[in-house]
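> got a sequence here, can you build the structure:
(chains A and B)
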2 protein chains.
Amino acid sequence: MNEPASRVHSTVRSRVHGTVHIVGAGLLGSSIGLGLRERDVDVTLEDLSPTSLALAADYGAGRVRAAEDPHPAIVVVATPPDVTADTVERMLATYPSAVVTDVASVKLAPYLELVRRGVDLTNYVGSHPMAGRERGGAIMARADLFTARPWVICRDGETPAEALALVEAVALDLGAVLLEMTPEEHDRSVGLVSHLPQVVSSLLAAQLIPATEQAIGLAGGGLRDTTRIASSDPELWVQILGANREPVIALLESFATDIERFTEALRAVDEPGSKRKLADLLSSGMRGVGRIPGKHGTSERFVTVTVLIDDKPGELGRLLTELGELGINMEDLRLEHSPGAQIGFAEIAILPEVADRAVTDLAARGWRTL
Amino acid sequence: MNEPASRVHSTVRSRVHGTVHIVGAGLLGSSIGLGLRERDVDVTLEDLSPTSLALAADYGAGRVRAAEDPHPAIVVVATPPDVTADTVERMLATYPSAVVTDVASVKLAPYLELVRRGVDLTNYVGSHPMAGRERGGAIMARADLFTARPWVICRDGETPAEALALVEAVALDLGAVLLEMTPEEHDRSVGLVSHLPQVVSSLLAAQLIPATEQAIGLAGGGLRDTTRIASSDPELWVQILGANREPVIALLESFATDIERFTEALRAVDEPGSKRKLADLLSSGMRGVGRIPGKHGTSERFVTVTVLIDDKPGELGRLLTELGELGINMEDLRLEHSPGAQIGFAEIAILPEVADRAVTDLAARGWRTL
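Reported below is the predicted structural model:
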């Protein structure tokens, strides 16, 4: 890549020794190739589509694998989920001295399929980088797609330390944060934190289709936040959800039971105990959201200060520059817009102990806070 | 309020002539009082709680109403939803020459209750400012809480033009954007864009309670967005949902039916037609989210550019200052953090036609974009 020197990566040497072969030149495969090439790792590529393959190679993700190329030390399978097991099996047979990993977003189904086929899995380590983009393909690939994202490694008891170390070296080279889980733990976990929210968000957004323009005009930040991920690619999600159906079905059933309990209590809202039941269910949500870690893995709670900003270039920058000058670091920032208005609201999450000072100091500089 | 001159409000004269009396000195009542006082409107206050009343008066939201005070031209009822009808009836009787409005977040139930009691509603106009904060009370009140937010007016056929004009004058004084709806339209609309997302978000977040730390550690922006509003006040929401139960129950049933259809199709994922059914349901969500207007009421789609930023004060400000210098206006901005990482991702939504230039210009200044 011809990008300027990174502000983030230091140019340390690669931990990977030997050639890395990547099967599947889509978003993930190409991004892995780009990232490893930045560290001068030798990368070869293959893809069923000659067009995708040429594009990824042109883009700098590695070179098209040729017969005379050295056998790889590592093979990364980055194909669509429904052909992961096939490809892993083929790679283990083709390069018996290589460690083979895959980056599919479900881990149990391909593993069980390989076991069922009697494939020797000594040299296989499943993995899953928690990274992606709404659009796919090599053209969307970025060397730093995995920077600071969790990368789950599913070793099994039989995995030799050297095999594990090689896969971990790839993830660490790409700047990811390693996490170890069993395939079952992984699939249940992503079912909960990724697959269930996807289905819920999509089906919530689907309720908007018959709405009047007037109703939609009342939409605020709450609706926008809850439905944002509903714009993800349906075909890809059908594959992912299909491959993780058991945990997702169990989660959907639990969620549907709570929806049903809530609806029942709301129907009976004037009967004794119903209001308590509704409040308890909503309070559970409050406790649940409190478990999600903030920045740096903490679950510390922050306070929000809302600042009014004129909607013109540079105003938000000026605000944040001044926050920097005041020594106030933000945990999070959200912009909210109001239809018809030429102003916006910047919601800044900061530590409770600096909140009073932030409001005072911002006011002294002429900012309006809510 | 002792805040410096607003960047946003011009100091135009009030459209309200006469005294405004506010019943209920909580977040909404106090904010209305503060906003009207900024325009030199005469505001009197009452509240069942002497403490809340004194606090709001001290805060500058108006003065405590005394026997010798002039009869108000407008009464704003800003009590909890469950006593709205009682209070409106009492105010119409006490001040027969005044126009009475309320700001409860449901509109049909109090209206029907007033009709049932045979109250003459000539001087009553229901309304609902689409504004609020997670925490309530006078102490959280802000004069500009309603700035650029929709304010729904529920006139009925009998409402005299002068009565309507007075209520609209209050909303316009506070900088709100007027919308007219029937109580039924209003309640169905907020049921869809506010009440349903609240229940869904809360019950989705509730699924996180039994999760392992490991699973929660994989949480990304999708989970955070879908569950953010689950941290709202359960007791207040029980009142709101109870008062709007019929539309909310109908919406919950429609949503639950879609969840059930999705779960059924996922159970049968290997049977012919099931994958198509799953994709169709997810595509409905994609179309639904496309209906939500962006800034300035448009439903134009934007592209997202993600910029890597060091996690230290001033870096984000510097980025946004430079975007301003480059003449690039943002539609939206989100910050994302990765547990364990000292960098963040700023996701900037911009017009498609400036996206390429933004990426090039940012790279030329040393920024890394994804």
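> whatever helix or strand A:Lys277 lives in: which residues count as buried?
Element membership for A:Lys277 (DSSP states H and E) is helix A:274-290. By neighbour count on 16 or more other CB atoms under 10 Å in any protein chain shown, the buried set for helix A:274-290 is A:274-275, A:277-279, A:281-286, A:288-289. Yep, even glycine has a C-beta here, placed from its N, CA and C like the rest.
> can you narrow those residues to ones near chain B?
A:Lys275, A:Leu278, A:Ala279, A:Leu281, A:Leu282, A:Ser283, A:Ser284, A:Gly285, A:Met286, A:Gly288, A:Val289 (CB under 8 Å from any CB of the partner chain).
> the second one: what's it in contact with?
By that I understand A:Leu278. When the contact criterion is CB atoms under 8 Å, 6 or more residues apart in numbering or on different chains, the partners of A:Leu278 are A:Phe262, A:Ala265, A:Leu266, A:Val269, B:Pro234, B:Trp237, B:Val238, B:Leu241, B:Gly242.
> now the second one, nearest residue through space, not along the chain?
When you say that, I think you mean A:Ala265. A:Lys277 (4.2 Å; CB to CB, 6 or more residues apart in numbering or on different chains).
> that neighbour and B:Val16, how far apart?
43 Å (CB to CB, to the nearest Å).
> which elements pack onto the longest helix along chain A?
Selection of the longest helix in chain A by residue count, based on DSSP state H, yields helix A:245-267. Helix A:245-267 sits against helix A:196-206, helix A:274-290, helix B:196-206, helix B:245-267, with contacts defined as 3 or more CB pairs under 8 Å, 6 or more residues apart in numbering or on different chains; DSSP states H and E.
> show residues contacting it.
Everything outside helix A:245-267 that qualifies as a contact, by CB under 8 Å, 6+ apart, is A:187-188, A:191-192, A:195-196, A:199-200, A:241, A:274, A:277-278, A:281, B:199-200, B:203-204, B:206-207, B:241-242, B:245, B:248-249, B:252-253, B:255-256, B:259-260, B:262-263, B:266-267, B:269.
> quick one, which of these are buried?
The buried subset of the contacts of helix A:245-267 - by 16+ other CB under 10 Å - is A:187-188, A:191-192, A:195-196, A:199-200, A:241, A:274, A:277-278, A:281, B:199-200, B:203-204, B:206-207, B:241-242, B:245, B:248-249, B:252, B:255-256, B:259, B:262-263, B:266, B:269.
> averaged pLDDT, stretch A:290-304. What do you get?
Average pLDDT, stretch A:290-304: 62.
> what's the end-to-end length of it?
15 Å (CA to CA, to the nearest Å).
> list the contacts for A:Ala243?
Contacts of A:Ala243 by CB under 8 Å, 6+ apart are A:Pro81, A:Asp82, A:Ala104, A:Val106, A:Ala109, A:Pro110.
> show the pLDDT at A:Val76.
98.
> which ones are touching it?
A:Val20, A:His21, A:Ile22, A:Val23, A:Gly29, A:Ile32, A:Thr101, A:Asp102, A:Val103, A:Val170.
> out of these, which are close to chain B?
Answer for the contacts of A:Val76 near chain B: none qualify (CB under 8 Å from any CB).
> check the gap between A:Gly317 and A:Ala358 for me.
For A:Gly317 relative to A:Ala358 (CB to CB), the value is 17 Å.
> residues of stretch A:46-60 that come out buried?
Neighbour-count burial for stretch A:46-60 [16+ other CB under 10 Å]: A:Glu46, A:Asp47, A:Ser52, A:Leu53, A:Leu55, A:Ala56, A:Ala57, A:Tyr59, A:Gly60.
> which ones among these map onto helices?
A:Ser52, A:Leu53, A:Leu55, A:Ala56, A:Ala57, A:Tyr59.
> and which of these is nearest chain B?
A:Tyr59 (14.5 Å; CB to the nearest CB).
> what pLDDT does the closest one get?
85.
> in contact with it, which residues?
By CB under 8 Å, 6+ apart, the neighbours of A:Tyr59 are A:Ser30, A:Leu34, A:Ala138, A:Ile139, A:Ala141.
> I figured the first one was touching A:Val103, is that so?
No - here A:Ser30 does not reach A:Val103: they are 11.8 Å apart, not a contact under CB atoms under 8 Å.
> the two: who's more crowded?
Comparing A:Ser30 with A:Val103 by other CB atoms under 10 Å in any protein chain shown, the one with more neighbours is A:Ser30, at 33 against 26.
> dump the residue contacts of the more buried one.
A:Ala56, A:Tyr59, A:Ala61, A:Gly137, A:Ala138, A:Ala141.
> off-centre distance for the helix or strand containing it?
Per DSSP H and E, A:Ser30 falls inside helix A:27-38. Relative to the mean C-alpha coordinate of its chain, helix A:27-38 is positioned 17 Å out (CA atoms, centre = their mean, to the nearest Å).
> looking at it now, give me its mean pLDDT.
94.
> one more: stretch A:200-218?
Here the average pLDDT along stretch A:200-218 is 95.
> report the buried residues of it.
Neighbour-count burial for stretch A:200-218 [16+ other CB under 10 Å]: A:200-208, A:211, A:214-218.
> quick check: the farthest pair among those residues?
A:Val200 and A:Gln214 (25.4 Å; CB to CB).
> residues in contact with A:Gly62?
Per CB under 8 Å, 6+ apart, neighbours of A:Gly62: A:Val20, A:Ile22, A:Gly33, A:Leu36, A:Arg37, A:Val43, A:Thr44, A:Leu45, A:Ala56.
> on that earlier part again, how about the helices and strands packed on helix A:245-267 in a markdown table, adding distance to A:Tyr124?
Output for the helices and strands packed on helix A:245-267, formatted as a markdown table (distance: least, CB to CB, whole Å):
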| stretch | distance to A:Tyr124 |
| --- | --- |
| helix A:196-206 | 28 |
| helix A:274-290 | 36 |
| helix B:196-206 | 35 |
| helix B:245-267 | 28 |
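> mind listing the helices in chain A by residue range?
A:27-38, A:50-59, A:84-94, A:108-116, A:161-173, A:183-190, A:196-206, A:213-217, A:221-227, A:234-243, A:245-267, A:274-290, A:315-325, A:352-364.
> alright, I will stop here.
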